[in-house]
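Novice: Here is the input, now give the coordinates:
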Amino acid sequence: MTSQQRLTGFSEKTLSMDDSTSDFRPWNRIILDWEIDYQGYQREWEGEEGYLDVHVTVVIKEAPVRISDPQSRKKREQPGYILTVCQSMAFNGDEPACQLISEECFRTDELKKAFDVFQREVLNVQNWAEIAESRVRLMPNQNDIFECLHCGWVTDIWSDDITCQGCGKRYWSERMWGRNGRGADEHIDSLRSD
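Specialist: Numbering: from 1, shown residues only. From the prediction side, this is the model:
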């Protein structure tokens, strides 16, 4: 049978309440935030069409994050920063539906990297607002002639060579592919051989 040690040692090493709860402070201090409200337009082939009210928030805040430890390769919770992009959309004045677009975790020594990602996300959201503005300007009056398949940007100008202002993709018409008596396959082969 083992003997039990006496519990008198605990009374000599008591900590004050402040010291014992010093690392329980709330890790939710906001470091940097940015938000925007804009209006878009939605048109589905067989669904409803109408205006969308969009609110996007980009936030960097302190938080306990789960990051893998380089030595042990195990995930552990430690103080750090979280960058979140949240979007709420309301269709034709309905109740807004909120969703998390992206979330990225950073260690405490990666604050500069978090600011760089924050700037990238703000530029992305500004681009979304420009695409939505093109849709609101042209779609309600049925003035849109071309809509980008990748990002949804619309224009009322038709040409043989269209470069999307939203994502940068380039579109060519059939006539442009058929110039100089060559078809699309011959044109692609000539570009590859150059």
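Novice: just checking, next helix/strand downstream of the longest strand belonging to the chain?
Specialist: The longest strand of the chain (DSSP state E) is strand 49-68. The first helix or strand that comes after strand 49-68 along the chain, using DSSP states H and E, is strand 75-91.
Novice: follow-up on the earlier one: partner strands of the longest strand of the chain and their direction?
Specialist: Paired strands of strand 49-68, with direction, are strand 30-43 (antiparallel), strand 75-91 (antiparallel) (DSSP bridges).
Novice: which of those sits most buried?
Specialist: With neighbours taken as mean count of other CB atoms under 10 Å, the strands paired with strand 49-68 reach their highest mean count in strand 75-91, at a mean of 16. The way it works is simple: take the backbone N, C-alpha and C, and place the C-beta from them, glycine included.
Novice: how big is the angle separating the next helix or strand after it from strand 75-91?
Specialist: Towards the C-terminus, the helix or strand next in line after strand 75-91, according to DSSP H and E, is strand 97-107. On the basis of axes from the mean of the first three to the mean of the last three CA atoms, to 10 degrees, strand 97-107 is oriented at 150 degrees to strand 75-91.
Novice: For strand 97-107, give the mean pLDDT please.
Specialist: Looking at strand 97-107 alone, the average pLDDT works out to 93.
Novice: Can you name every helix or strand that it contacts?
Specialist: Using 3 or more CB pairs under 8 Å, 6 or more residues apart in numbering; DSSP states H and E as the contact criterion, the secondary-structure elements in contact with strand 97-107 are strand 49-68, strand 75-91, helix 111-138.
Novice: Mind putting those into a markdown table with mean pLDDT and distance to Asp161?
Specialist: As requested, those are exported to a markdown table (pLDDT from 0 to 100; distance: least, CB to CB, whole Å):
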| stretch | mean pLDDT | distance to Asp161 |
| --- | --- | --- |
| strand 49-68 | 89 | 29 |
| strand 75-91 | 90 | 33 |
| helix 111-138 | 92 | 18 |
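Novice: From Asp161, how far out is Arg43?
Specialist: Between Arg43 and Asp161 the distance, using CB to CB, to the nearest Å, works out to 25 Å.
Novice: returning to what we had before: could you dump the helices and strands packed on strand 97-107 to a markdown table with distance to Thr155?
Specialist: Supplementary listing: these in a markdown table, determined by distance: least, CB to CB, whole Å:
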| stretch | distance to Thr155 |
| --- | --- |
| strand 49-68 | 18 |
| strand 75-91 | 23 |
| helix 111-138 | 7 |
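Novice: So which of these is nearest Leu149?
Specialist: Put simply, out of those the one that sits nearest Leu149 is helix 111-138, at 12.8 Å, with distance taken as CB to CB.
Novice: So which bits of the closest one are buried?
Specialist: Neighbour-count burial for helix 111-138, with 16 or more other CB atoms under 10 Å as criterion, is recorded at 114-115, 117-118, 121-122, 125, 128-129, 131-132, 134-136, 138.
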